[in-house]
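# quick one: sequence plus predicted model below, questions after.
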Amino acid sequence: MYQALYRKWRPITFSQVVGQQHITDTLQRQVAEGRTGHAYLFTGTRGTGKTTCARILAKAINCLHPVDGAPCNQCESCRGIDAGKLLDITELDAASNNGVDNVRALREEAVYTPSVLKKRVYIIDEVHMLSTPAFNALLKTMEEPPEHVIFILATTEVQKVPATIRCHRYDFQRITADKIAGRLEYVAGQENIELDHNAAELIGRLADGAMRDALSILDTCAGVSNTVDEALVRRMAGVTDRKYLFEISDAIAARDAVKALQEIAALRQQSVDMRRLCMELAGHYRNLMLRDLPGGTELLTGTSPVE
């Protein structure tokens, strides 16, 4: 059965996580020194590695033969966690299990010692979706948990998490386009996909800091052709060629509304995503402004979908 690239190439150790070294180094050092906390809060935009790092941390804490704080991925504990067979590691999706009854059941279960592992770890994804009563029910357990329990909370909207939830907080950054491109080229090489460097850079910009989205775009393109170039990425992602951006901006500068609308209508007829087009135009105008500033060309480094 075919496995999507973003699942197949999900990192299984700290060193494989891209763009979050400030976090992975800290977590690995905590495990190596035996200074892990009882509760963590991972926050950041989608696809930046929050849940992945939560799983790796749970594995490192319970690894029988850790290597400088990183999981060995060979011992019985690591293999069991990777296979999802051990009940001592519980992942809860707060988007669909956000009621107080769900948290009460978790709290009642947490008092029991782990059946196999050293620590019982609860990973609560999208924790901001918990209801207020659910947060209140979780608060006491998180403040004074049993010694064998660790909580790892992940969220894309940290402002919705009550301030009373006190954890070790780690902010995940958007992954830069060049780092995404480098990872894509490595994955493509392993999968025998001929990925053009310009195509990898374009996917890196389109992914908007999310490695998962980048791998999904590559997967979609590879399903059409084993040779992935920039033209294929643009066609599959529904983005415009650069010439259309200049034609639209030139028409707007000339106050030729008819021509601008004709260009946009032609793109829409080609099933170009209008939201994506707006993002490209915003990036295009940004680049035009930076180009005319002293030293502005040094800032034109992949922060917009099209350069």
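On my side now, so go ahead.

# which residues of the protein score low on pLDDT?
Scanning the chain for pLDDT under 70 picks out the ranges 238-242, 294-307.

# neighbours around the nearest residue to Arg268 once chain neighbours are set aside, how many?
Excluding its sequence neighbours, the residue lying closest to Arg268 (C-beta to C-beta, 6 or more residues apart in numbering) is Met274, at 6.5 Å. Every C-beta, even on glycine, is put in place using the N, C-alpha and C of the backbone. Met274: 11 surrounding residues under other C-beta atoms under 10 Å.

# so for the longest helix along the chain, what gets flagged as buried?
Taking DSSP state H as the criterion, the chain has its longest helix at helix 274-291. By neighbour count on 16 or more other C-beta atoms under 10 Å, the buried set for helix 274-291 is 277, 279-281, 283-284, 287, 290.

# just the helices in the protein please.
Secondary structure of the chain (DSSP H): helices at 5-8, 21-33, 50-62, 76-83, 100-110, 132-143, 177-190, 197-206, 211-222, 230-237, 242-253, 257-269, 274-291.

# check contacts around the residue most central in space within the chain.
In the chain, the centroid-proximal residue (C-alpha atoms, centre = their mean) is Gly47; its distance is 1.5 Å. Neighbour list for Gly47: 207, 209-214 [criterion: C-beta atoms under 8 Å, 6 or more residues apart in numbering].

# again, 7 Å this time
210-213 (C-beta atoms under 7 Å, 6 or more residues apart in numbering).

# related to what we said a few turns ago, tell me which other helices or strands the longest helix of the chain touches.
If contacts are counted by 3 or more C-beta pairs under 7 Å, 6 or more residues apart in numbering; DSSP states H and E, helix 274-291 sits against helix 242-253.

# show the contacting residues for the residue nearest to Ile252 when sequence neighbours are not counted.
Nearest in space to Ile252, with sequence neighbours left out and distances taken as C-beta to C-beta, 6+ apart, is Ala260 at 5.4 Å. For Ala260, the contacting residues are 248, 251-252, by C-beta under 7 Å, 6+ apart.

# export those residues as TSV, with columns for distance to Ile150 and neighbour count.
Shown next, in TSV, are the contacts of Ala260 (distance: C-beta to C-beta, whole Å; neighbours: other C-beta atoms under 10 Å):
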residue	distance to Ile150	neighbour count
Ile248	53	22
Ala251	58	18
Ile252	55	15
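
# for those residues, which one is nearest Cys63?
Within these, proximity to Cys63 (C-beta to C-beta) peaks at Ile248, which comes in at 54.6 Å.

# okay, now Leu139: neighbour count?
Neighbourhood size, Leu139 [other C-beta under 10 Å]: 15.

# an error on my part: the question was meant for Asp229.
Neighbour count for Asp229, taken as other C-beta under 10 Å: 17.

# how close does it sit to Pro11?
Applying C-beta to C-beta, to the nearest Å, the value for Asp229 to Pro11 is 27 Å.

# just to revisit the earlier point, could you dump the buried residues of helix 274-291 into CSV and include distance to Cys221?
Below are these laid out as CSV (distance: C-beta to C-beta, whole Å):
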residue, distance to Cys221
Leu277, 19
Met279, 19
Glu280, 18
Leu281, 23
Gly283, 21
His284, 23
Asn287, 25
Leu290, 29
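
# how about these, which pair is most distant?
Leu277 and Leu290, at 20.3 Å, using C-beta to C-beta across the buried residues of helix 274-291.

# ok, now how distant is Glu144 from Ala105?
From Glu144 across to Ala105, the span is 19 Å (C-beta to C-beta).

# meant to ask about Ala95
As judged by C-beta to C-beta, Ala95 and Ala105 stand 17 Å apart.

# now swap in Leu277 and tell me
47 Å.

# again with Arg276
Arg276 is 43 Å from Ala105, by C-beta to C-beta.

# Arg29 now?
34 Å.

# skipping adjacent residues, who's closest to Val100 in space?
Pro133 (4.1 Å).

# revised request: answer the last question for Arg183.
Leaving aside its chain neighbours, Arg183 sits nearest to Val18 (5.0 Å; criterion: C-beta to C-beta, 6+ apart).

# identify the farthest-apart pair in the contacts of Gly47.
Largest separation among those by C-beta to C-beta: Met211 and Asp213, giving 7.4 Å.

# give me the more crowded residue out of the two.
Shown here are Met211 and Asp213; by other C-beta under 10 Å, Met211 has more neighbours (28 against 17).
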